[in-house]
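> all I have is the shape, not the residue letters:
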Ligand SMILES: Nc1ncnc2c1ncn2[C@@H]1O[C@H](COP(=O)(O)OP(=O)(O)O)[C@@H](O)[C@H]1O
Ligand SMILES: [Mg+2]
């Protein structure tokens, strides 16, 4: 407001947008430059449950890595909760990454010597949380993912689907505002994949955290509310759930399909 001391900035993002991406480019330099992301523009609302689909090599992981602050763009802007993360220091990025983001990858990356409970506790202990608080929270989350009776099992004593559910619990333990998954059911059979997706949906409804899931599997993508298709680093189409079907939306650009 004008009666403040002129220090208010114009905020482009709508209040409900947790992420706003503008003119994002990523070029991998090499013998031949690879344009992995070509002018991506995208807004993601708080609490959204969305999928990014596209063929292998289309730039899905590159985009997730930018959103997840694991890599930096060549140009463009990414705003996370009102902060332009392309302009902050590496230590601030690391801090935001630990505080605001949870990751689940195709392979669970659990520590084999640790039990399910210990694996889920680790990010909280890294964040210097009290051990009892961490243990209680990890136990609650493992209950939420249906593994309340497997707390003391190590990864080699659990199935692929169960380990992936432990990885989901671990991603959520620090209450990130954004959870990103890169082909997180890629190694699972259909039944386990469905179970993991249903679980993510439940958690999304319960906590209003934002879920961004990359998959090349349309059956999985159709369990979300919005499907963005990326081809050759470009966003080519957007589908939105209306009831139990999807309708084309976006800026009305025609995709060549
Ligand atoms: N570190 C890298 N160095 C050079 N090229 C890369 C690198 N990572 C990805 N690429 C290239 O960028 C493009 C997009 O890759 P990626 O984001 O992994 O696609 P997707 O996840 O959709 O399969 C591909 O052409 C890939 O070969
Ligand atoms: Mg990928």
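Nice, I can see it. This is a predicted model, so every value here is computed, not measured. Ligands and ions are numbered 1, 2, ... in the order given.

> surely residue 111 is within a helix?
No: under DSSP: H, G, I helix; E, B strand; the rest coil, residue 111 sits outside any helix and is assigned coil.

> excluding chain neighbours, what is closest to it?
Excluding the flanking residues, the one nearest residue 111 by CB to CB, 6 or more residues apart in numbering is residue 119, at 5.8 Å. Where you see a C-beta, it was placed from the backbone N, CA and C, and this is true even at glycine.

> go on, residue 204?
Residue 204 sits nearest to residue 49 (CB to CB, 6+ apart), 4.7 Å away.

> ditto for residue 40
residue 24 (4.2 Å).

> which strand or helix spans the one you found?
Taking DSSP states H and E as the criterion, residue 24 maps to strand 17-28.

> just checking, what packs against that strand?
Applying 3 or more CB pairs under 8 Å, 6 or more residues apart in numbering; DSSP states H and E, one finds that strand 17-28 contacts strand 34-45, helix 60-67, strand 75-80.

> now tabulate these in JSON lines and tack on distance to residue 181 and mean pLDDT.
Shown next, in JSON lines, are those (distance: least, CB to CB, whole Å; pLDDT from 0 to 100):
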{"stretch": "strand 34-45", "distance to residue 181": "14", "mean pLDDT": "97"}
{"stretch": "helix 60-67", "distance to residue 181": "8", "mean pLDDT": "96"}
{"stretch": "strand 75-80", "distance to residue 181": "17", "mean pLDDT": "97"}
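
> tell me which of the ones you listed sits most buried.
The highest average neighbour count among the helices and strands packed on strand 17-28, using mean count of other CB atoms under 10 Å, belongs to helix 60-67 at a mean of 23.

> work out the gap between that one and the centre of the chain.
Its chain's C-alpha centre and that of helix 60-67 lie 9 Å apart, by CA atoms, centre = their mean, to the nearest Å.

> so is it next to ligand 1?
Yes: Helix 60-67 comes into contact with ligand 1 (CB under 6 Å from any ligand atom), by way of 60, 61, 62.

> now residue 149: which helix or strand?
Residue 149 belongs to no helix or strand when elements are defined using DSSP H and E.

> can you check the pLDDT for it?
Here, the pLDDT recorded for residue 149 equals 97.

> tell me, how many residues neighbour it?
Counted by other CB atoms under 10 Å, the residues lying close to residue 149 total 9.

> repeat for residue 132
That count, for residue 132 with other CB under 10 Å as the rule, works out to 8.

> am I right that residue 71 falls within a strand?
No: assessed with three-state DSSP, residue 71 is coil; it does not lie in a strand.

> for residue 143, see how far away the residue nearest to it when sequence neighbours are not counted is.
Once flanking residues are discounted, residue 71 sits nearest to residue 65: 4.2 Å by CB to CB, 6+ apart. Look at residue 65 and residue 143: by CB to CB, to the nearest Å, they are 31 Å apart.
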